[in-house]
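1. Predicted model and sequence follow; I will ask about them next.
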Amino acid sequence: MFESLTKELEILKNDLNQHCDLNLSTNNQLPFLYHYTNWDSIVGILVSGEVWLTDSNYTNDPIEVIFSLERIAVQLKFWATKHNFFKYFQDIISSIPKKYELFIFSMSELENDLSQWRAYGDDGAGFSIGFHKDVFRTTSIANYDGSEPILGKVIYDELSLDRLCNLILKNVYDFLLMIEGRGGDNAALLNNVIGHRFLAEILSEVFLRVAALFKNWAYRNEKEWRLIYCWPIDAPPKNQTIKWRDQNKNKGKRFLSGSKYVPLHYQKPSMKRVIIGPCLHIEFAKQELNNIINGMSFRDAIDISFSGIPYRNNKS
(Lines give C-alpha, C1' and ligand atoms only; values in the text may rest on other atoms or scores of the structure.)
Protein backbone atom coordinates (compact mmCIF):
# COMPACT_ATOMS: atom_id res chain seq x y z
CA MET A 1 0.00 0.00 0.00
CA PHE A 2 2.69 2.49 1.03
CA GLU A 3 4.95 1.44 -1.86
CA SER A 4 2.58 2.87 -4.46
CA LEU A 5 2.25 6.20 -2.63
CA THR A 6 6.01 6.36 -2.11
CA LYS A 7 6.56 6.09 -5.87
CA GLU A 8 4.07 8.90 -6.47
CA LEU A 9 5.83 11.09 -3.89
CA GLU A 10 9.23 10.40 -5.46
CA ILE A 11 7.89 11.61 -8.82
CA LEU A 12 6.61 14.77 -7.12
CA LYS A 13 9.96 15.30 -5.40
CA ASN A 14 11.81 15.07 -8.71
CA ASP A 15 9.38 17.53 -10.30
CA LEU A 16 9.83 20.04 -7.48
CA ASN A 17 13.60 19.76 -7.63
CA GLN A 18 13.44 20.23 -11.38
CA HIS A 19 11.64 23.54 -10.85
CA CYS A 20 14.37 24.58 -8.41
CA ASP A 21 17.02 23.75 -11.01
CA LEU A 22 15.31 25.94 -13.60
CA ASN A 23 14.89 28.88 -11.21
CA LEU A 24 18.26 28.62 -9.44
CA SER A 25 20.22 27.98 -12.61
CA THR A 26 23.98 27.49 -12.36
CA ASN A 27 24.49 27.66 -16.10
CA ASN A 28 26.78 30.55 -16.97
CA GLN A 29 30.19 31.04 -18.51
CA LEU A 30 32.14 31.76 -15.30
CA PRO A 31 34.97 29.22 -15.04
CA PHE A 32 36.07 30.13 -11.49
CA LEU A 33 34.53 30.90 -8.12
CA TYR A 34 36.50 32.58 -5.33
CA HIS A 35 36.65 31.89 -1.62
CA TYR A 36 38.03 34.67 0.61
CA THR A 37 39.87 33.48 3.69
CA ASN A 38 42.84 33.98 6.05
CA TRP A 39 46.31 32.46 6.24
CA ASP A 40 45.46 29.57 8.58
CA SER A 41 42.54 28.51 6.39
CA ILE A 42 44.40 28.60 3.08
CA VAL A 43 47.19 26.52 4.58
CA GLY A 44 44.63 23.99 5.82
CA ILE A 45 42.94 23.87 2.40
CA LEU A 46 46.25 23.42 0.56
CA VAL A 47 47.63 20.75 2.87
CA SER A 48 44.48 18.71 3.52
CA GLY A 49 42.81 18.97 0.12
CA GLU A 50 39.59 19.79 1.97
CA VAL A 51 37.18 22.68 2.16
CA TRP A 52 34.98 23.06 5.21
CA LEU A 53 31.24 23.57 4.95
CA THR A 54 30.15 25.57 7.99
CA ASP A 55 26.99 25.21 10.04
CA SER A 56 24.44 27.67 8.61
CA ASN A 57 23.81 29.03 12.11
CA TYR A 58 27.20 30.75 11.90
CA THR A 59 26.76 32.68 8.62
CA ASN A 60 27.17 36.47 8.66
CA ASP A 61 23.40 36.94 8.31
CA PRO A 62 22.08 35.06 11.37
CA ILE A 63 18.42 35.07 10.28
CA GLU A 64 18.69 34.38 6.53
CA VAL A 65 17.21 30.86 6.57
CA ILE A 66 14.54 31.84 9.10
CA PHE A 67 13.66 34.93 7.03
CA SER A 68 13.18 32.82 3.91
CA LEU A 69 10.99 30.30 5.72
CA GLU A 70 8.91 33.14 7.16
CA ARG A 71 8.24 34.42 3.63
CA ILE A 72 7.24 30.91 2.61
CA ALA A 73 4.87 30.81 5.59
CA VAL A 74 3.18 33.94 4.25
CA GLN A 75 2.61 32.17 0.91
CA LEU A 76 1.14 29.21 2.78
CA LYS A 77 -1.69 31.33 4.19
CA PHE A 78 -3.29 31.44 0.74
CA TRP A 79 -2.75 27.75 -0.02
CA ALA A 80 -4.10 26.76 3.41
CA THR A 81 -7.49 27.96 2.20
CA LYS A 82 -7.23 25.49 -0.68
CA HIS A 83 -6.29 22.25 1.06
CA ASN A 84 -5.93 20.85 4.59
CA PHE A 85 -2.40 19.64 3.91
CA PHE A 86 -1.14 23.22 3.77
CA LYS A 87 -2.78 23.93 7.15
CA TYR A 88 -0.81 20.97 8.49
CA PHE A 89 2.41 22.24 6.89
CA GLN A 90 1.84 25.74 8.31
CA ASP A 91 2.19 24.31 11.80
CA ILE A 92 5.58 22.71 11.17
CA ILE A 93 7.40 25.05 8.78
CA SER A 94 8.98 27.08 11.60
CA SER A 95 10.49 23.89 13.05
CA ILE A 96 12.34 22.92 9.85
CA PRO A 97 15.74 24.38 10.94
CA LYS A 98 15.56 22.28 14.13
CA LYS A 99 15.03 19.05 12.18
CA TYR A 100 17.81 19.39 9.63
CA GLU A 101 21.54 19.91 9.51
CA LEU A 102 22.54 22.56 6.98
CA PHE A 103 26.15 23.34 6.02
CA ILE A 104 27.43 26.00 3.62
CA PHE A 105 30.67 26.83 1.79
CA SER A 106 30.59 30.34 0.31
CA MET A 107 32.27 31.57 -2.85
CA SER A 108 31.94 34.61 -5.08
CA GLU A 109 32.01 35.44 -8.77
CA LEU A 110 34.35 38.32 -7.83
CA GLU A 111 38.03 37.54 -7.46
CA ASN A 112 39.25 40.85 -6.07
CA ASP A 113 36.50 42.71 -4.24
CA LEU A 114 37.43 45.19 -1.51
CA SER A 115 34.28 44.68 0.57
CA GLN A 116 34.94 40.93 0.69
CA TRP A 117 38.61 41.42 1.48
CA ARG A 118 37.49 43.44 4.48
CA ALA A 119 34.69 41.09 5.59
CA TYR A 120 36.12 37.64 4.88
CA GLY A 121 39.74 38.04 3.77
CA ASP A 122 41.24 38.93 7.16
CA ASP A 123 40.62 42.65 6.55
CA GLY A 124 42.82 42.61 3.45
CA ALA A 125 45.55 40.42 4.97
CA GLY A 126 44.16 37.17 3.57
CA PHE A 127 43.72 35.38 0.27
CA SER A 128 41.16 34.81 -2.46
CA ILE A 129 41.23 31.21 -3.72
CA GLY A 130 39.98 30.52 -7.25
CA PHE A 131 38.40 27.08 -7.68
CA HIS A 132 37.29 25.74 -11.02
CA LYS A 133 33.50 25.79 -10.75
CA ASP A 134 32.92 22.40 -12.34
CA VAL A 135 34.62 20.54 -9.51
CA PHE A 136 31.79 21.50 -7.16
CA ARG A 137 28.97 20.56 -9.51
CA THR A 138 28.71 17.22 -7.79
CA THR A 139 25.04 16.93 -8.66
CA SER A 140 22.12 19.09 -9.71
CA ILE A 141 19.24 20.01 -7.45
CA ALA A 142 17.02 17.91 -9.69
CA ASN A 143 19.07 14.80 -8.91
CA TYR A 144 19.65 15.65 -5.27
CA ASP A 145 19.16 12.77 -2.86
CA GLY A 146 20.94 14.18 0.21
CA SER A 147 24.06 12.07 -0.22
CA GLU A 148 26.34 14.86 -1.47
CA PRO A 149 26.49 18.66 -1.63
CA ILE A 150 24.99 20.78 -4.38
CA LEU A 151 26.17 24.08 -5.87
CA GLY A 152 23.75 26.96 -6.35
CA LYS A 153 23.79 30.66 -7.15
CA VAL A 154 22.41 32.85 -4.36
CA ILE A 155 19.32 34.92 -5.12
CA TYR A 156 18.75 38.29 -3.43
CA ASP A 157 15.38 39.29 -4.87
CA GLU A 158 12.46 38.62 -2.50
CA LEU A 159 9.95 38.62 -5.35
CA SER A 160 11.92 35.88 -7.12
CA LEU A 161 11.85 33.87 -3.90
CA ASP A 162 8.09 34.37 -3.61
CA ARG A 163 7.47 33.33 -7.22
CA LEU A 164 9.55 30.16 -6.86
CA CYS A 165 7.83 29.20 -3.59
CA ASN A 166 4.38 29.77 -5.08
CA LEU A 167 5.33 27.65 -8.07
CA ILE A 168 6.40 24.84 -5.75
CA LEU A 169 3.22 25.09 -3.67
CA LYS A 170 1.01 25.09 -6.77
CA ASN A 171 2.70 21.92 -7.99
CA VAL A 172 2.03 20.28 -4.62
CA TYR A 173 -1.60 21.41 -4.79
CA ASP A 174 -2.00 20.01 -8.31
CA PHE A 175 -0.45 16.75 -7.13
CA LEU A 176 -2.93 16.51 -4.25
CA LEU A 177 -5.88 17.12 -6.56
CA MET A 178 -4.58 14.52 -9.02
CA ILE A 179 -4.24 11.82 -6.34
CA GLU A 180 -7.62 12.67 -4.83
CA GLY A 181 -9.24 12.63 -8.26
CA ARG A 182 -8.07 9.07 -8.79
CA GLY A 183 -9.45 7.92 -5.45
CA GLY A 184 -8.38 4.59 -3.96
CA ASP A 185 -5.77 3.75 -1.33
CA ASN A 186 -3.27 6.48 -2.25
CA ALA A 187 -5.90 9.20 -1.85
CA ALA A 188 -6.92 7.80 1.53
CA LEU A 189 -3.32 7.54 2.73
CA LEU A 190 -2.35 10.99 1.53
CA ASN A 191 -5.24 12.63 3.34
CA ASN A 192 -4.39 11.27 6.78
CA VAL A 193 -1.63 12.20 9.23
CA ILE A 194 0.82 9.63 7.87
CA GLY A 195 0.45 10.84 4.30
CA HIS A 196 0.72 14.46 5.38
CA ARG A 197 3.93 13.65 7.24
CA PHE A 198 5.54 11.97 4.21
CA LEU A 199 4.63 14.88 1.93
CA ALA A 200 5.76 17.43 4.55
CA GLU A 201 9.21 15.79 4.72
CA ILE A 202 9.67 16.19 0.96
CA LEU A 203 8.47 19.80 0.98
CA SER A 204 10.64 20.64 4.01
CA GLU A 205 13.82 19.46 2.26
CA VAL A 206 12.96 21.33 -0.94
CA PHE A 207 12.21 24.57 0.90
CA LEU A 208 15.29 24.29 3.09
CA ARG A 209 17.53 24.16 0.01
CA VAL A 210 15.68 27.14 -1.49
CA ALA A 211 16.08 29.05 1.80
CA ALA A 212 19.80 28.25 1.89
CA LEU A 213 20.26 29.92 -1.49
CA PHE A 214 18.57 33.20 -0.55
CA LYS A 215 20.22 36.22 1.11
CA ASN A 216 19.10 39.69 2.02
CA TRP A 217 19.28 42.33 -0.74
CA ALA A 218 21.98 44.19 1.22
CA TYR A 219 24.47 41.42 0.31
CA ARG A 220 23.75 41.47 -3.44
CA ASN A 221 27.11 43.00 -4.43
CA GLU A 222 28.92 39.91 -3.15
CA LYS A 223 27.55 37.83 -6.06
CA GLU A 224 27.70 34.73 -3.91
CA TRP A 225 27.49 31.06 -4.83
CA ARG A 226 27.03 28.37 -2.23
CA LEU A 227 27.92 24.76 -1.87
CA ILE A 228 25.15 23.45 0.41
CA TYR A 229 24.77 20.15 2.19
CA CYS A 230 21.67 19.29 4.21
CA TRP A 231 20.03 16.24 5.69
CA PRO A 232 17.57 15.26 8.44
CA ILE A 233 19.23 15.24 11.85
CA ASP A 234 18.09 11.68 12.46
CA ALA A 235 19.28 10.41 9.04
CA PRO A 236 22.83 11.64 8.31
CA PRO A 237 24.62 10.54 5.12
CA LYS A 238 26.85 7.49 5.34
CA ASN A 239 30.57 8.12 5.92
CA GLN A 240 29.98 11.78 6.80
CA THR A 241 31.20 13.11 10.14
CA ILE A 242 30.32 16.43 11.71
CA LYS A 243 33.37 18.05 13.27
CA TRP A 244 33.94 20.99 15.59
CA ARG A 245 36.36 23.90 15.38
CA ASP A 246 37.34 26.53 17.93
CA GLN A 247 36.69 29.93 16.39
CA ASN A 248 38.62 31.76 19.09
CA LYS A 249 41.85 29.83 18.67
CA ASN A 250 44.86 32.09 19.06
CA LYS A 251 42.62 35.11 19.68
CA GLY A 252 43.31 35.32 23.39
CA LYS A 253 39.69 34.86 24.43
CA ARG A 254 38.91 33.31 27.76
CA PHE A 255 35.95 31.16 26.78
CA LEU A 256 35.79 28.67 23.97
CA SER A 257 33.34 29.31 21.18
CA GLY A 258 33.18 27.12 18.11
CA SER A 259 31.12 25.98 15.19
CA LYS A 260 30.25 22.70 13.50
CA TYR A 261 31.52 21.89 10.05
CA VAL A 262 31.80 19.02 7.59
CA PRO A 263 34.94 18.50 5.47
CA LEU A 264 34.68 17.97 1.73
CA HIS A 265 37.57 16.70 -0.38
CA TYR A 266 38.15 18.55 -3.64
CA GLN A 267 40.28 17.62 -6.63
CA LYS A 268 43.54 19.47 -6.10
CA PRO A 269 43.99 20.42 -9.77
CA SER A 270 40.73 22.38 -9.47
CA MET A 271 42.44 25.08 -7.37
CA LYS A 272 43.74 27.29 -10.18
CA ARG A 273 44.34 30.72 -8.71
CA VAL A 274 45.30 32.48 -5.49
CA ILE A 275 45.08 36.27 -5.14
CA ILE A 276 47.15 37.75 -2.32
CA GLY A 277 45.29 40.35 -0.24
CA PRO A 278 46.05 44.07 -0.57
CA CYS A 279 47.54 44.35 2.92
CA LEU A 280 50.17 41.63 2.58
CA HIS A 281 53.76 41.90 1.37
CA ILE A 282 53.46 40.30 -2.05
CA GLU A 283 56.89 38.66 -2.29
CA PHE A 284 56.88 37.32 1.26
CA ALA A 285 53.33 35.93 0.95
CA LYS A 286 54.11 34.39 -2.45
CA GLN A 287 57.24 32.73 -1.09
CA GLU A 288 55.35 31.26 1.87
CA LEU A 289 52.63 29.90 -0.40
CA ASN A 290 55.17 28.36 -2.77
CA ASN A 291 56.91 26.70 0.17
CA ILE A 292 53.67 24.83 0.85
CA ILE A 293 52.73 24.18 -2.78
CA ASN A 294 56.11 22.86 -3.90
CA GLY A 295 56.25 19.09 -3.85
CA MET A 296 52.47 18.68 -3.62
CA SER A 297 50.32 17.05 -6.28
CA PHE A 298 49.14 20.39 -7.73
CA ARG A 299 52.66 21.81 -8.09
CA ASP A 300 52.94 24.56 -10.76
CA ALA A 301 49.17 24.43 -11.36
CA ILE A 302 48.29 27.49 -9.27
CA ASP A 303 48.62 31.04 -10.59
CA ILE A 304 49.55 33.42 -7.74
CA SER A 305 48.88 37.14 -8.18
CA PHE A 306 48.46 40.28 -6.07
CA SER A 307 45.24 42.20 -5.41
CA GLY A 308 46.72 45.62 -6.12
CA ILE A 309 43.82 47.46 -4.45
CA PRO A 310 45.11 50.44 -2.43
CA TYR A 311 43.85 49.67 1.06
CA ARG A 312 45.33 50.05 4.54
CA ASN A 313 43.75 48.15 7.43
CA ASN A 314 44.17 49.01 11.09
CA LYS A 315 47.00 46.47 11.36
CA SER A 316 49.09 48.14 8.68
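-> Received it, and whenever you're ready, just let me know what you need. Just so we're clear, the structure is a prediction, and the values are computed from it rather than from any experiment.

2. Run through the protein and note the low-pLDDT ranges.
-> Residues of the chain meeting the criterion pLDDT under 70: 1-2, 19, 21-28, 137-147, 247-258, 268-269, 295, 297-300, 315-316.

3. That one: strands as residue ranges?
-> The residue ranges that make up the strands of the chain, judged by DSSP state E, are 32-37, 50-55, 100-108, 127-132, 150-153, 224-232, 243-246, 258-265, 271-276, 303-306.

4. closest one to residue 206 among these?
-> strand 224-232 (10.6 Å; CB to CB). C-beta: built from backbone N, CA, C; applies to glycine.

5. Report the inter-axis angle for the closest one versus strand 32-37.
-> If you take axes from the mean of the first three to the mean of the last three CA atoms, to 10 degrees, strand 224-232 sits at 80 degrees to strand 32-37.

6. Next up, the contacts around residue 179.
-> 8, 186, 187, 190 (CB atoms under 8 Å, 6 or more residues apart in numbering).

7. quick revisit: now distance to residue 208 too, for the strands of the chain, in a markdown table please.
-> Supplementary listing: those in a markdown table, determined by distance: least, CB to CB, whole Å:
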| stretch | distance to residue 208 |
| --- | --- |
| strand 32-37 | 22 |
| strand 50-55 | 14 |
| strand 100-108 | 6 |
| strand 127-132 | 24 |
| strand 150-153 | 12 |
| strand 224-232 | 6 |
| strand 243-246 | 21 |
| strand 258-265 | 16 |
| strand 271-276 | 29 |
| strand 303-306 | 37 |
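
8. My read is that residue 228 contacts residue 209, right?
-> Yes. At 6.4 Å, residue 228 counts as touching residue 209 under the criterion of CB atoms under 8 Å.

9. joint contacts of those two?
-> With CB under 8 Å, 6+ apart, residue 228 and residue 209 have common neighbours 150, 152.

10. Reformat the contacts of residue 179 as a markdown table; add neighbour count and distance to residue 266.
-> Compiled in a markdown table, the contacts of residue 179 are given as follows (neighbours: other CB atoms under 10 Å; distance: CB to CB, whole Å):
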| residue | neighbour count | distance to residue 266 |
| --- | --- | --- |
| 8 | 17 | 37 |
| 186 | 21 | 43 |
| 187 | 16 | 47 |
| 190 | 20 | 42 |
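
11. which of the residues you listed sit farthest apart?
-> Spatially, the most separated pair among the contacts of residue 179 is 8 and 187, at 10.4 Å (CB to CB).

12. As a check, name the ranges of all helices in this structure.
-> 2-23, 39-48, 64-79, 84-92, 96-99, 114-120, 158-182, 184-190, 193-212, 282-293 (DSSP state H).

13. residues making contact with the second one?
-> The set of residues that contact helix 39-48 without belonging to it, under CB under 8 Å, 6+ apart, is 37, 50-52, 122, 125-127, 129, 263, 271, 274, 289, 292-293, 296.

14. Spatially nearest residue to residue 121 (excluding sequence neighbours)?
-> If the residues on either side of it in the chain are set aside, residue 121 comes closest to residue 36, at 4.0 Å by CB to CB, 6 or more residues apart in numbering.

15. repeat for residue 75
-> Counting by CB to CB, 6+ apart, residue 75 lies nearest to residue 165, which is 5.0 Å off, once chain neighbours are set aside.

16. Confirm for me that the one you found is in contact with residue 210.
-> Yes. Contact criterion CB under 8 Å: residue 165 and residue 210 qualify, at 6.9 Å.

17. what sits in contact with each of those two?
-> When contacts are counted by CB under 8 Å, 6+ apart, the set common to residue 165 and residue 210 consists of residue 72.

18. right, and residue 306 touches residue 273 too?
-> No. The pair residue 306 and residue 273 does not pass the contact test of CB under 8 Å, sitting 11.8 Å apart.

19. Name the residues contacting each of these two.
-> When contacts are counted by CB under 8 Å, 6+ apart, residue 306 and residue 273 have no shared neighbour.

20. Closest one to residue 278 out of the contacts of residue 179, please.
-> When the contacts of residue 179 are compared against residue 278 (criterion: CB to CB), the nearest one is residue 8, at 56.0 Å.

21. Are any of the contacts of helix 39-48 buried, and if so which?
-> The neighbour count (16 or more other CB atoms under 10 Å) marks 37, 51, 52, 122, 125, 126, 127, 129, 271, 274, 289, 293 as buried among the contacts of helix 39-48.
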